[in-house]
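Asks: Predicted model, plus sequence, below.
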Amino acid sequence: MSNFKFSIHSIGFDENYQPANNTRITTNFANLARGERRQQNLRNTLAMINQRFNSLVFWDNPDSNRYSLQLDIISVTIQIEGASTNHDQQFPAIEVLKTTILDHKTNQRIEGIVGNNFSSYVRDYDFSVVLLEHNKNQPAFSIPEQFGDLHGKLFQLFVNSETYQQHFHKKPVICLSVSDNKTYQRTSNQHPVLGVEYQPNETSLTEQYFKKMGLEVRYFMPAGSAAPLAFYFFGDLLNDYSNLELASTISTMESFQKIYRPEIYNAYNAAGERYQPNLKNPDHALTDIVYDRAERSRLAVEQGKFAQEHFIKPHQALLSRVLEQGSALKTAQR
């Protein structure tokens, strides 16, 4: 395990944001920052996020303009000691977003949540290379053995690392869209900011994948939302984070989902007691923000192959040992 060291770099996500060279260009924020309308895309996205945050945090906020959010893109690099070449010593492992809440009434800067969006080259490798190869010419879909084990181990190493603890005071929360392959049932449980809780009818591959990262999941639909959001977390989601922190995640990620999946999150009709997302739902509004979904799907394969060539293959022996140590630990804990 001592072969891995992590370093963190931060860049502000604002209307002047330019994606770094090693950023996954399928990432939500990077996709928006390209093309002729890049600055308008970014400006409109940030306005949408701030408006949503103020609608969620409405107490002592009569004009709905008390707060704004500062977003920072956190890029995590894995440094591998003893690598054969300098080129292979460092690999861009993970990118997440960190929120900071600006209270314009008190002039305070309030730390938000790290995580929110989640981007990973190794996840692209798992889903766009390993999974596709495994199911090529197969009569029925199946999941390969140890699928997601390496990615999960690397993520937990990062979260438990000294580097993470030096930069962040709380564990990450990752917010994703619901799956259009599942049905969600509304429950009687309700949180003042997260909203009404939903429960899925079955588990999903995404849930299983994130569980290997050490994350649990709960589904909530905030007031004013069209559909539930999936919140992946360590510990206790409802009690470990403040209402302001949770609102920062909701406003950020719901805004991205309205752009990326308007059929679900910008639908005219909100989810009812029993809800199945539909990516072909015609009753939705488009945002005035350009997002290239076709390019996003195509580039995921290229990014997965990049991870295979620059991380998986050059360090195959070391990564195999990481998996073996992880398997031995699971066996000892049984």
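Replies: Nice, I can see it.

Asks: Can you mark which positions in stretch 99-112 are buried?
Replies: Neighbour counts using 16 or more other CB atoms under 10 Å place Thr99, Ile101, Asp103, Glu111, Gly112 of stretch 99-112 among the buried residues. Glycine gets a C-beta too; all of them are placed from N, C-alpha and C.

Asks: So what touches the helix or strand encompassing Gln39?
Replies: Using DSSP states H and E, the element containing Gln39 is helix 38-56. Contact with helix 38-56 is made by 13-17, 32-33, 35, 61, 64-69, 71, 101, 193, 222-224, 247-248, 250-252, 254-256, 258-259, 287-291, as judged by CB atoms under 8 Å, 6 or more residues apart in numbering.

Asks: Farthest pair within the buried residues of stretch 99-112?
Replies: Thr99 and Asp103 (13.1 Å; CB to CB).

Asks: show me where pLDDT drops low in the chain?
Replies: The chain contains residues with pLDDT under 70 at 1-2, 20-31, 33-35, 82-89, 290-298, 325-334.

Asks: how about the strands of it, start to end?
Replies: 4-13, 67-80, 90-103, 108-120, 173-177, 184-191, 195-200, 216-221, 229-233, 274-275 (DSSP state E).

Asks: can you put these in CSV and add distance to Met48?
Replies: Shown next, in CSV, are the strands of the chain (distance: least, CB to CB, whole Å):
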stretch, distance to Met48
strand 4-13, 13
strand 67-80, 11
strand 90-103, 14
strand 108-120, 15
strand 173-177, 15
strand 184-191, 23
strand 195-200, 18
strand 216-221, 18
strand 229-233, 15
strand 274-275, 23
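
Asks: residue contacts, Ser7?
Replies: Residues near Ser7 by CB under 8 Å, 6+ apart: Val76, Thr77, Gln79, Thr163.

Asks: which of those count as buried?
Replies: Among the contacts of Ser7, those scoring as buried are Val76, Thr77, Thr163 (criterion: 16+ other CB under 10 Å).

Asks: between those, which is closest to Leu237?
Replies: Leu237 has its nearest neighbour among those in Val76, at 22.3 Å by CB to CB.

Asks: Name the residues linked to that closest one by a beta bridge.
Replies: Ile8, Ile94 (DSSP bridges).

Asks: Now do the same contact list for it.
Replies: Contacts of Val76 (CB under 8 Å, 6+ apart): Phe6, Ser7, Ile8, Pro92, Ala93, Ile94, Glu95, Val96, Phe158.

Asks: cutoff 10 Å now
Replies: The contact partners of Val76, by CB atoms under 10 Å, 6 or more residues apart in numbering, come to 6-9, 91-96, 119-120, 154-155, 158, 161, 163-164, 167.

Asks: Narrow these to just the buried residues.
Replies: 6, 8, 91-96, 119-120, 154-155, 158, 161, 163-164.

Asks: what's the closest of those to His310?
Replies: Within those, the smallest distance to His310 is 6.3 Å, found for Phe91 (CB to CB).

Asks: now that closest one: how far from Ile11?
Replies: Distance from Phe91 to Ile11, counting by CB to CB, to the nearest Å: 18 Å.

Asks: Please apply the same query to Thr287.
Replies: Counting by CB to CB - Thr287 and Ile11 are separated by 24 Å.

Asks: Kindly report the same for Leu150.
Replies: From Leu150 to Ile11 the distance is 27 Å (CB to CB).

Asks: In terms of neighbours, single out the busier of these two.
Replies: Leu150 (21 against 16; other CB atoms under 10 Å).

Asks: Roughly how far does the more buried one sit from Ile312?
Replies: From Leu150 to Ile312 the distance is 8 Å (CB to CB).

Asks: Now the common contact residues for these two.
Replies: Jointly contacting Leu150 and Ile312 under the rule CB under 10 Å, 6+ apart are Val122, Tyr125, Asp126, Val130, Leu319.

Asks: Weed out the non-buried ones from the residues you listed.
Replies: Neighbour-count burial (16+ other CB under 10 Å) applied to the shared contacts of Leu150 and Ile312 gives Val122, Tyr125, Asp126, Val130, Leu319.

Asks: As a markdown table, these with distance to Asn41 would be great.
Replies: Listed next are these as a markdown table, based on distance: CB to CB, whole Å:
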| residue | distance to Asn41 |
| --- | --- |
| Val122 | 28 |
| Tyr125 | 28 |
| Asp126 | 29 |
| Val130 | 33 |
| Leu319 | 37 |
